[in-house]
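Trainee: model this:
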Amino acid sequence: MNNPASADTLPASEAAFPPAAHFFGLAPFLRMSIAGYDFTADTQQMIADAQDNPDDAMLWMNLSTAMMSLKHEELGLTIQDQALAQQRIYVRPAAIQPAKQRLLMLVVPGNLSANVPLDCLLENSDVDLIYYFVDPHGAEPLAWAIPEHDLVMVAIGASDETRELIKRLEVKLADWPTPVINAPQYVFSSERNTASLLLQNVPGLQISPALHVTRTELDEVAAGNLALSDVVQGHQFPIILRPVGTHGGHGLQKLDTPAEVATYLTQLPEPVFFLSQFIDYSGEDGQFRKFRVMLIDGKPYACHMGISSHWMIHYVNAGMYEDAAKRAEEAVFLNTFADFAERHKVALEAIYQRTGLDYLGIDCAETKDGQFLVFEIDPAMVIHAMDDDVLFPNKQIHMRKVIDAFRNLLSERVNP
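Mentor: Numbering: from 1, shown residues only. Have a look, this model is predicted:
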């Protein structure tokens with residue numbers, strides 16, 4: 001996430017943590033990381049403070065997020081368990097007080113990709129975010145007293161681990177007294193395999209089915225005992241493999257031969273994988289372009305475009321911060337997004353109608369023949385307005401549209 005171009009320009013006020021009495025959320029750590037500020041020393045001070053205040057659950061929860069932001073995930077999860085043993089509800093007060101809305105966010109214990117990081121989008125808003133850590137394993141997921149709120153959002157990512165929990169929440173929220181954002185009965189429409197099947201046969205939309213294959217089946221392909229088409233009908237190399245349940249590109253690789261499958265399996269221990277057909281979406285110049293679009297109440301909004309010579313694009317390592325030409329091209333995409341949205345109107349409307357989700361991120365591209373190519377849909381994508389104004393002079397304009405759209409969604413649901 002580091003942005004070397006602005007590492008030395010972060011104002012001291014932004015380098016500091018929020019007031020210690022507050023629940024931080026992810027936003028301050030993401031902001032510092034994007035700006036290139038090393039908060040390791042700050043985290044070490046947090047450790048000392050936590051040791052001096054072992055009963056301060058908020059301090060432990062903040063330390064947990066700091067550790068995971070510094071890539072110490074296992075330790076961060078252990079610290080998170082300690083915080084949750086003391087307290088299950090954490091509030092990130094609105095930056096603008098008095099708050100206009102109180103949003104109850106139902107979340108689960110887990111890593112940084114387990115829940116919707118809404119605080120990154122709303123860090124300077126007038127919305128109080130109330131994080132309610134549900135019990136993912138108990139018969140009663142909402143075992144603690146419900147705080148006063150104006151709306152509730154199911155902010156839990158779809159995964160095999162949360163499937164049964166989401167079903168229990170569907171029962172609990174069926175007659176909820178306040179409006180529900182991303183109702184639980186729709187959450188699993190964004191799960192990778194479900195989404196890849198749900199979005200088939202939409203005119204102008206292309207998505208490769210994400211099919212489950214076992215390690216045993218892949219071993220047979222790697223050994224030459226089975227053809228790939230024997231395991232996954234109609235599929236040929238090259239393919240994309242990734243372990244089931246992973247995010248952020250972990251274990252995601254393009255494989256061209258059975259020998260590469262054999263090597264891949266030696267690197268990962270997981271028993272089940274998602275397999276998809278690789279689709280070459282490179283442009284005439286050989287570069288790949290991936291877009292992140294938000295659907296909010298069914299309306300599309302542009303967030304960013306990453307450009308890379310590699311097919312697997314993560315915005316933070318695509319050279320966007322270092323390459324002015326790439327940033328200029330991204331600016332054109334953002335400024336002309338209305339044309340993009342109109343071109344793919346049918347596909348975007350189908351995604352909204354078929355998923356039923358009020359708030360949804362889409363990672364996508366355009367194929368060589370102009371179709372809307374979907375890589376992933378997920379409400380838990382990181383969306384923020386933290387990029388440097390000098391490097392990205394008009395990006396705040398477009399992120400403001402995303403923020404306003406979500407605020408309008410909340411207001412319209414409370415006062416239809």
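Trainee: Quickly find the element holding L360.
Mentor: Per DSSP states H and E, L360 falls inside strand 359-366.
Trainee: quick one: average pLDDT of that strand?
Mentor: Averaging pLDDT along strand 359-366 yields 98.
Trainee: before we move on, what about stretch 405-416?
Mentor: 95.
Trainee: And stretch 297-311, by the same measure?
Mentor: Mean per-residue pLDDT for stretch 297-311: 97.
Trainee: in it, what counts as buried?
Mentor: For stretch 297-311, a neighbour-count test (16 or more other CB atoms under 10 Å) marks 300-308, 311 as buried. Yep, even glycine has a C-beta here, placed from its N, CA and C like the rest.
Trainee: and if you look at stretch 310-317?
Mentor: Quick answer for stretch 310-317 (16+ other CB under 10 Å): 311, 313, 315.
Trainee: which ones are touching W311?
Mentor: Counting by CB atoms under 8 Å, 6 or more residues apart in numbering, W311 touches 254, 278, 280-282, 288.
Trainee: cool, E330 as well?
Mentor: Applying CB under 8 Å, 6+ apart, the residues near E330 are 304-307, 320, 392.
Trainee: among those residues, which two are most distant?
Mentor: I307 and F392 (13.8 Å; CB to CB).
Trainee: now for the helix or strand hosting L295, which elements pack on it?
Mentor: Assessed by DSSP H and E, L295 sits inside strand 288-296. Contacts defined by 3 or more CB pairs under 8 Å, 6 or more residues apart in numbering; DSSP states H and E place strand 288-296 against strand 299-308, helix 345-355, strand 359-366, helix 395-414.
Trainee: quick one: contacts for I47?
Mentor: L63.
Trainee: give me the element it is part of.
Mentor: I47 belongs to helix 40-52, assigned by DSSP H and E.
Trainee: next SSE after that helix?
Mentor: With secondary structure assigned by DSSP H and E, helix 40-52 is succeeded by helix 57-69.
Trainee: and the angle from that next one to helix 40-52?
Mentor: 150 degrees (axes from the mean of the first three to the mean of the last three CA atoms, to 10 degrees).
Trainee: other SSEs contacting helix 57-69?
Mentor: helix 27-34, helix 40-52, helix 73-86.
Trainee: thinking again about what came up before, which single one of the contacts of E330 is nearest to Q86?
Mentor: H304 (37.8 Å).
Trainee: could you list every residue that touches that closest one?
Mentor: Here H304 is in contact with 291-292, 315, 320, 330, 334, 395 (criterion: CB under 8 Å, 6+ apart).
Trainee: again, only using 7 Å
Mentor: 292, 315, 330 (CB atoms under 7 Å, 6 or more residues apart in numbering).
Trainee: mind giving me JSON lines with these and columns for distance to R242?
Mentor: Formatted as JSON lines, the contacts of H304 follow (distance: CB to CB, whole Å):
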{"residue": "R292", "distance to R242": "19"}
{"residue": "Y315", "distance to R242": "19"}
{"residue": "E330", "distance to R242": "26"}
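Trainee: Looking at those, which gets the smallest pLDDT?
Mentor: Out of the contacts of H304, that is Y315, at 92.
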